[in-house]
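Novice: Pasting the sequence and the predicted coordinates here, then a few questions.
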Amino acid sequence: MWLKRFLTPVVTLAVLAAAGFAAYHTRERWLPYVFPPQAETKAGGHDDHDHDHDKHDHGHADRVKLPPQAQLNLKLDVAAPVPREYWRTLLIPGVVVDRPGESDRGVPSRVAGVVTDIRAKPGDTLKAGDPLFTLQLVSEFLQSAQTDLAKTARELEFATAKRDRVAELVRKGTQSGTTLIEEENQVKRLTTQVQAYRRQLQVFGLTPAQVDRAEKGDVITQVTVLAPPRAAPPPEVAAPSAGSTAAPPPPDVYEVQELKVTLGEQVQAGQTLCVLANHQRLFVEGRAFKSEADALAAIAERKVPVSAEFADETAGVWPPQGPLLIHHLSNQVDPATRTFGFYLPLDNQPRTYTQDGKTNLVWRYRPGQRVRLRVPVEKLGTPGRGGQAEVLPFVFPVGAVVREGPEAFVFVQSGDVFVRKPVRVLYEDRTEVVVANDGSVSEAEFVVRNQAAAINRALKAAAAGGGHDHDHEH
């Protein structure tokens, strides 16, 4: 009896020890059934620590820390966004053209003659009154007009002297007043003839000094053709375009564009001798389709500014060109291109250089230069409700926004940390992105205006490598 009480605990303890030993060595077989993995007991398939870690990573999945060296390498442009008015634009091709009746003018010969000297060559810059050509006169009519002027001038001298003698006799009472009236009428008639001959010779190109010589009997055999003066621009185009800072040249500056005659050539009255050009005032000719005519007419009526991008211009050499206004629309459609022209006045800007003692002009814009016109057609933004003001959008450079499928993001800087924020894009072209001002980005934040794609790649690389900037215990 006593032995039974002693052996029972010993046997029980041995059995339990054997069972524990066997359970320990076979734990890989039965443990998954007794204590299922967390993947079966918890949603997400991680233990408590991993689950907490995932929650932490989820909170930082849209942010990345960049060291100062990386920021310097990217040359980041960071600024607080400012809402502003923005118009969706229509990109229309254009070209710089001359203003008809203003830019170019021909210089005709007023008399028949032989070209004996050419004083201005193509490319020369000159002012009104500068000599262009010397012509040897061959017009018999002009020679006769000079002879008639000299003859009439002498008759006027005789008639004036005779009138003075008669006036003296009338004063003494030895001659009647009727004779004096006749002599005064004769002087007036001859004076009128002299003035008519003088004006006629000046019309044919003689200078006042040459006419004085012809009046004294010195026959003029050659004339000098001078550069004509230019008319002042009308008030609506006299003011320079917005943004023009260079002072325009005087309106009477010309450049010899083309010679029409050769040395020794005989020319007739009215024949063009050369073509002078002044590119101070030009047109930008845009080419649009007929379906765009109504929108362009509305823009012209409201005087909405149109921005222009000129091809082959080096940034920083000239001041920025301000917006232009539509002057008029053509009412003819080109049957080949099915487009019509519309025209915007353009004030040119010159620079000068001196060569061989002569001052020459270099114009910023030249006829034939290609232009891209951005014509505003739709104002973007959120209309105000209940009497509230309109909500203007944010406008960023195209490098400020990165896309992933249908989503678009910008990066906001906070020290060395860059946070990715989703935004709604209203409009995008090759240079700018318009973002809705809906609270996704505020004016108090600092948005990266470039290198958004590079920062997004750094964010993806950090996420793929499991990198994060916090410590924890396992």
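Specialist: The structure has been received and is ready for your questions.
Novice: in the stretch 101-250 of the chain, which spans are helices?
Specialist: Taking DSSP state H, counting those that start in this stretch as the test, the helices found in the stretch 101-250 of the chain are 140-172, 177-203, 208-215, 235-238.
Novice: Throw those helices into TSV and include mean pLDDT and distance to A288, thanks.
Specialist: C-beta: built from backbone N, CA, C; applies to glycine. Listed next are those as TSV, based on pLDDT from 0 to 100; distance: least, C-beta to C-beta, whole Å:
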stretch	mean pLDDT	distance to A288
helix 140-172	88	53
helix 177-203	89	46
helix 208-215	89	52
helix 235-238	46	22
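Novice: right, and those helices - which one's nearest P319?
Specialist: Put simply, out of the helices of the stretch 101-250 of the chain the one that sits nearest P319 is helix 235-238, at 19.5 Å, with distance taken as C-beta to C-beta.
Novice: Can you tell me the strand partners of the helix or strand just after the closest one and which way each runs?
Specialist: The helix or strand immediately downstream of helix 235-238 is strand 253-259, counting by DSSP states H and E. Partner strands for strand 253-259, per DSSP bridges, with pairing direction: strand 125-127 (antiparallel), strand 272-277 (antiparallel).
Novice: Turn those into a markdown table, including mean pLDDT and distance to K162.
Specialist: Written out in a markdown table, the entries for the strands paired with strand 253-259 read as follows (pLDDT from 0 to 100; distance: least, C-beta to C-beta, whole Å):
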| stretch | mean pLDDT | distance to K162 |
| --- | --- | --- |
| strand 125-127 | 86 | 47 |
| strand 272-277 | 93 | 46 |
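Novice: Could you say which of the ones you listed is packed most deeply?
Specialist: Sort those by mean neighbour count, taking mean count of other C-beta atoms under 10 Å, and strand 272-277 sits at the top with a mean of 19.
Novice: and after that strand, which helix or strand comes next?
Specialist: Beyond strand 272-277 in the direction of the C-terminus, DSSP H and E gives the next helix or strand as strand 281-289.
Novice: Reformat the helices of the stretch 101-250 of the chain into JSON lines and put mean neighbour count and distance to T354 next to each item.
Specialist: Compiled in JSON lines, the helices of the stretch 101-250 of the chain are given as follows (neighbours: other C-beta atoms under 10 Å; distance: least, C-beta to C-beta, whole Å):
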{"stretch": "helix 140-172", "mean neighbour count": "15", "distance to T354": "39"}
{"stretch": "helix 177-203", "mean neighbour count": "15", "distance to T354": "35"}
{"stretch": "helix 208-215", "mean neighbour count": "16", "distance to T354": "31"}
{"stretch": "helix 235-238", "mean neighbour count": "11", "distance to T354": "28"}
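Novice: Ok, which of the ones you listed comes nearest L90?
Specialist: Proximity to L90 (C-beta to C-beta) singles out helix 235-238 among the helices of the stretch 101-250 of the chain, at 24.9 Å.
Novice: Grab the most central residue of this protein for me.
Specialist: Centroid-nearest residue in the chain: A308, 3.6 Å away (criterion: C-alpha atoms, centre = their mean).
Novice: who touches it in this structure?
Specialist: Applying C-beta atoms under 8 Å, 6 or more residues apart in numbering to A308 gives the contacts 94, 284, 321, 323-324, 344, 346, 371-374.
Novice: Could you rerun that using 10 Å?
Specialist: For A308, the contacting residues are 94, 96, 241, 284, 286, 321-324, 344, 346, 365, 371-374, taking C-beta atoms under 10 Å, 6 or more residues apart in numbering as the criterion.
Novice: Identify the bridge partners of it.
Specialist: The partner list for A308 in beta bridges (DSSP bridges) reads L373.
Novice: Relative to V371, how far out is it?
Specialist: When distances are taken as C-beta to C-beta, to the nearest Å, A308 and V371 turn out to be 5 Å apart.
Novice: again with E102
Specialist: E102 sits at a distance of 19 Å from V371 (criterion: C-beta to C-beta).
Novice: cool, K460 as well?
Specialist: Using C-beta to C-beta, which is the criterion applied here, K460 is 41 Å from V371.
Novice: Among those two, which residue is more densely surrounded?
Specialist: Counted by other C-beta atoms under 10 Å, K460 and V371 do not tie: V371 has more neighbours, with 21 against 12.
Novice: doesn't Y343 make contact with the more buried one?
Specialist: No - counting by C-beta atoms under 10 Å, V371 sits too far from Y343 to count as a contact (11.8 Å).
Novice: got a markdown table for the helices of the stretch 101-250 of the chain, with distance to V417 too?
Specialist: Rendered in a markdown table, the data for the helices of the stretch 101-250 of the chain read as follows (distance: least, C-beta to C-beta, whole Å):
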| stretch | distance to V417 |
| --- | --- |
| helix 140-172 | 90 |
| helix 177-203 | 83 |
| helix 208-215 | 83 |
| helix 235-238 | 55 |
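Novice: Ok, which of these comes nearest S440?
Specialist: Closest to S440 of the helices of the stretch 101-250 of the chain is helix 235-238 (C-beta to C-beta; 45.2 Å).
Novice: residue contacts, A209?
Specialist: Contact analysis of A209 by C-beta under 10 Å, 6+ apart lists I220.
Novice: Helix, strand or coil: sort out N73 for me.
Specialist: Secondary structure assignment for N73 (DSSP: H, G, I helix; E, B strand; the rest coil): helix.
Novice: Tell me which of the helices of the stretch 101-250 of the chain lies nearest to Q69.
Specialist: Distances from Q69 to each of these were compared by C-beta to C-beta, and the smallest falls on helix 235-238, at 54.6 Å.
Novice: tell me the SS of V304?
Specialist: At V304, secondary structure determined by three-state DSSP is coil.
Novice: I figured it hits A298, correct?
Specialist: Yes - judged on C-beta under 10 Å, V304 makes contact with A298 at a distance of 8.2 Å.
Novice: what touches both of these two?
Specialist: Shared contacts of V304 and A298, counting by C-beta under 10 Å, 6+ apart, come down to V377.
Novice: out of those two, which sits in the busier spot?
Specialist: Comparing V304 with A298 by other C-beta under 10 Å, the one with more neighbours is V304, at 17 against 11.
Novice: For R88, which residues are in contact?
Specialist: With contact set as C-beta under 10 Å, 6+ apart, R88 has these partners: 374-380, 426-427, 429, 434.
Novice: at 8 Å what do you get?
Specialist: Per C-beta under 8 Å, 6+ apart, neighbours of R88: 376-380, 427, 434.
Novice: where does the protein dip in pLDDT?
Specialist: Under the criterion pLDDT under 70, the flagged ranges of the chain are 1-7, 9-11, 15, 21-60, 231-252, 382-389, 465-474.
Novice: Show me the domain layout of it.
Specialist: Domain ranges of the chain: 2-57, 60-84+392-464, 90-100+279-380, per automatic domain parsing.
Novice: among these, which is nearest G173?
Specialist: Going through the domains of the chain one by one, with C-beta to C-beta as the measure, domain 90-100+279-380 comes closest at 69.1 Å.
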